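Visitor: have a look at this prediction, sequence included:
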Amino acid sequence: MTDSPISTAKHHDILVVTSNNPPVNALGAAVRQGLVAAIEQAEGDDSIKAVVIRCEGQTFFAGADITEFGKPPVMPWLPSVVDTIENCSKPVVAAIHGTALGGGLEVALGCHYRVAVPSAKLGVPEVKLGLLPGAGGTQRLPRVAGVPKALEMVTGGGMVGAKEAHDLGLVDRIVEGDLVQHAVAYAEEVKDIRPLPKSSERQEKVSNIDPSVFADFRKANARKFRGFEAPEANIKAIEAAVAKPYAEGVIDERNLFMGLMTGVQSRAQQYFFFAERKASKIDGIPEDTRPRDIRRVGVIGAGTMGGGISMNFLSAGIPVTIVEMAQEALDRGTGIMRKNYEATAAKGRMTGEQVEAAMGALNPTLDFNALADCDLIIEAVFEQMEVKKDIFARLDAIAKPGAILASNTSYLNIDEIAAVTKRPQDVVGLHFFSPANIMKLLEVVRGAKTAPDVLVTAMQLAKRIKKVAVVAGVCHGFIGNRMLMPRQVEATKLLLEGTTPEQVDRVHVEFGMPMGPFQMADLAGVDIGWHRDPTRIENIRDALAAEGRWGQKKQAGFYDYDDKRKPSPSPRVQEIIDDFAAKQGVTRREISDEEIIQRTLYTMVNEGAKILEEGMAQRASDIDVVWVYGYGWPVYRGGPMFWADTEGLQKIVDGLKSQEARMGEDFSFSQLLLDKAAEGGKFSGK
Ligand code: 3H9
């Protein structure tokens, strides 16, 4: 079998089994077949006393091959491969580097011993794909690492480092230097030890477990798990490991796994895994485009956005020059940045030294000319075209040749901004989401003249600062905020027609959004974008703003808030709504939850389809990435476009048609949506 990704070589009496399946040694069919053949080889050869399983390339097995999911299964499947390894009559040692993830860790747990390099990481991220470790992992992991840690790992999907893994008993020895050499030496040490230690036979860590562990764990994490099916299935599987013998526990695991695998949520989450990776690929750009070198970043504006943006670069070790117009604003901005870092340190997520290193790499100044040596300059000032144009003209005069000039605008036309410079090819939009040091999304706005290497630099830099970047075209609000608009328009009209802010928000929260449109308005500030003339009252928002009901910060907005920011329905808001309805001659009626979904979520899908047909997003999955990472769309629904596919596009069209008259001229159909619905098509998978 020359083309098998699995090869074997004898080092004296140790058989070294090597997987070479780039990029991440996913456990596809050929790998599984090769592993079983290698164990058979070891069994059949008396001169072999022990086996080492290792991987070439960047990592140990990163799990099952996700691209095989949903296709007809090819034997042998992973659970039986792991069993074959564990049942080998000769000791098997896993030699781990990179990341042993999911099925990869399950293979390692099937081995009798595990050695790892200090940089290795181990985890079971299946929950992020809407799944559970289905190759015996839910039964072996608690037996080796203990129930509390197993619960945390299977439901959180995070990784543990080699040292912690060693402390937990997941790794038997940490080895420095040549991994193969050490693993072979380890195999020599253990080759004669019998009985072989089998993870599946260990009972001590799953015996005498107080069942309240599970109830407490569920309670403590209820908020985090809300809406997701996989965490609960993972918990049930660990419960089975405690309550039942191994042989029965794995049957429970299998049933729970299949239940998840055939559900919509895991399809959505697997789709999203690939969507996120696809987002970094830019259409129409030569493959060999080299990024520009970014050594120092300039940020204009030390407000909430400017400060948050700066922190991203500082945390990644990139020095930042931050410019403000007045000393007081500069001090306030940098003070907040320090406070944020110190809060992170207080939670143990940063050391005091790291805080000082980050703040030490910040150069706060009132001197605009200090931006002259920056390789990337991001403007984060007031959202007004004239202000931005003025800044870009000044930047054009002082920035060094080849510097990238970026605007953090959330709506404005990048081409118009670029036109005031003599270097529109260097201008790009970098739209961060608030709080900019936390939110993962970055919309990279591609202007008509933005150079390919500027885009490539932006995408690469996004990775460096741990953001997920999506390319958007120039249109009002780009991808995310543009789709917010129809939702806002219809939500507000629904208030007049008969619903309450509570009903609209409840429907959105039940759908899985972190909050509804009115809760979001109160959080962001009802006064944002307000014309500031209290006598000019043209809509409900104007009326609220005129009365100082600016949202949470004033303890009054669409809701009333108590001292702890707990919202309650506001009789005053209801009066304002009733007043407006009366003035506009709207007869209020009972509004169904379904109508709210049709008018606030289906309209978003329609807008997303327009964005696609206009080429403002490269692909439907990019829109989904924007909504999951920028606005908290529940990932178990994949994003608005994937969700539309699961609803059925004809159902979306029919729903919108049923509301067309009510929505009036605010609404028009996307031709792409109509066409796709008519041909029975989908947005995803194209
Ligand atoms: C599982 O194991 C189920 C079992 O319990 C039960 C079975 C019965 N399969 O992320 P990157 C691709 S579920 C197929 O950019 P990095 C990825 O799409 C699995 N393909 O690299 C990308 O392709 P492209 C549990 C995979 O260095 C390329 O590899 N395991 C898989 O930033 C590079 O990926 C997981 O969930 C896969 N499993 O990060 C681990 N993984 O170049 C998922 C990656 O065409 N993987 N690809 O865009 C990861 O978390 C990261 O890829 C990893 C590397 C940390 C490994």
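Guide: On my side now, so go ahead. Numbers count the residues shown, from 1 in each chain.

Visitor: for residue 377, helix, strand, or coil?
Guide: Assigned state for residue 377: strand (three-state reduction, DSSP: H, G, I helix; E, B strand; the rest coil).

Visitor: thought it was touching residue 402?
Guide: No - taking contacts as C-beta atoms under 8 Å, residue 377 lies outside contact range of residue 402: 11.8 Å. Yep, even glycine has a C-beta here, placed from its N, CA and C like the rest.

Visitor: ok, the two, which is more surrounded?
Guide: residue 377 (26 against 13; other C-beta atoms under 10 Å).

Visitor: so what are the domain limits for the chain?
Guide: 6-262, 297-476, 499-583 (automatic domain parsing).

Visitor: could you tell me the end-to-end distance of the shortest one?
Guide: This points to domain 499-583. End-to-end span of domain 499-583 (C-alpha to C-alpha, to the nearest Å): 17 Å.

Visitor: try the longest one
Guide: Across domain 6-262, the terminal residues are separated by 30 Å (C-alpha to C-alpha).

Visitor: what is the mean pLDDT for it?
Guide: For domain 6-262, mean pLDDT rounds to 97.

Visitor: how far out from the middle of the chain is that domain?
Guide: 25 Å (C-alpha atoms, centre = their mean, to the nearest Å).

Visitor: give me the residue from the stretch 151-300 of the chain nearest the ligand.
Guide: Scanning the stretch 151-300 of the chain for proximity to the ligand using C-beta to the nearest ligand atom identifies residue 277 as nearest, at 4.1 Å.

Visitor: pretty sure residue 469 sits in a helix.
Guide: No - assessed by three-state DSSP, residue 469 does not belong to a helix; its assignment is strand.

Visitor: residues of the stretch 251-400 of the chain that sit close to the ligand?
Guide: 274, 277 (C-beta under 6 Å from any ligand atom).

Visitor: can you pull out the strands in the stretch 251-400 of the chain?
Guide: With DSSP state E, counting those that start in this stretch, the ranges of strands along the stretch 251-400 of the chain come out as 297-300, 320-323, 362-365, 376-379.

Visitor: highest average neighbour count across those strands?
Guide: With neighbours taken as mean count of other C-beta atoms under 10 Å, the strands of the stretch 251-400 of the chain reach their highest mean count in strand 297-300, at a mean of 28.

Visitor: distance from the chain centre to that strand, please.
Guide: So, by C-alpha atoms, centre = their mean, the centroid of strand 297-300 is 26 Å from its chain's centroid.

Visitor: ok, it: who's next to it in the sheet?
Guide: The strands beside strand 297-300 in its sheet (DSSP bridges) come out as strand 320-323 (parallel), strand 376-379 (parallel).

Visitor: what sits against the nearest residue to residue 226 once chain neighbours are set aside?
Guide: Closest residue to residue 226 apart from its sequence neighbours, by C-beta to C-beta, 6 or more residues apart in numbering: residue 512 at 7.8 Å. Applying C-beta atoms under 8 Å, 6 or more residues apart in numbering to residue 512 gives the contacts 226, 227, 633, 634, 636, 637.

Visitor: pretty sure residue 441 contacts residue 630?
Guide: Yes - the pair residue 441 / residue 630 is scored as a contact, 3.9 Å apart, by C-beta under 8 Å.

Visitor: common neighbours of the two, please.
Guide: Common neighbours of residue 441 and residue 630 (C-beta under 8 Å, 6+ apart) are 433, 480.

Visitor: surely residue 651 forms part of a helix?
Guide: Yes - under three-state DSSP, residue 651 sits within a helix.

Visitor: number of nearby residues for it?
Guide: Neighbour count for residue 651, taken as other C-beta under 10 Å: 14.

Visitor: what of the one 10 residues further on?
Guide: A total of 8 residues lie near residue 661 under the criterion other C-beta under 10 Å.

Visitor: residues contacting the closest residue to residue 263 other than its chain neighbours?
Guide: The shortest distance from residue 263 to any non-neighbouring residue, by C-beta to C-beta, 6+ apart, is to residue 229 (6.3 Å). By C-beta under 8 Å, 6+ apart, the contact set of residue 229 is 130, 260, 263, 265, 636.

Visitor: quick one: the residue of the stretch 151-300 of the chain closest to the ligand and residue 98, what's the gap?
Guide: According to C-beta to C-beta, to the nearest Å, residue 277 and residue 98 sit 17 Å apart.
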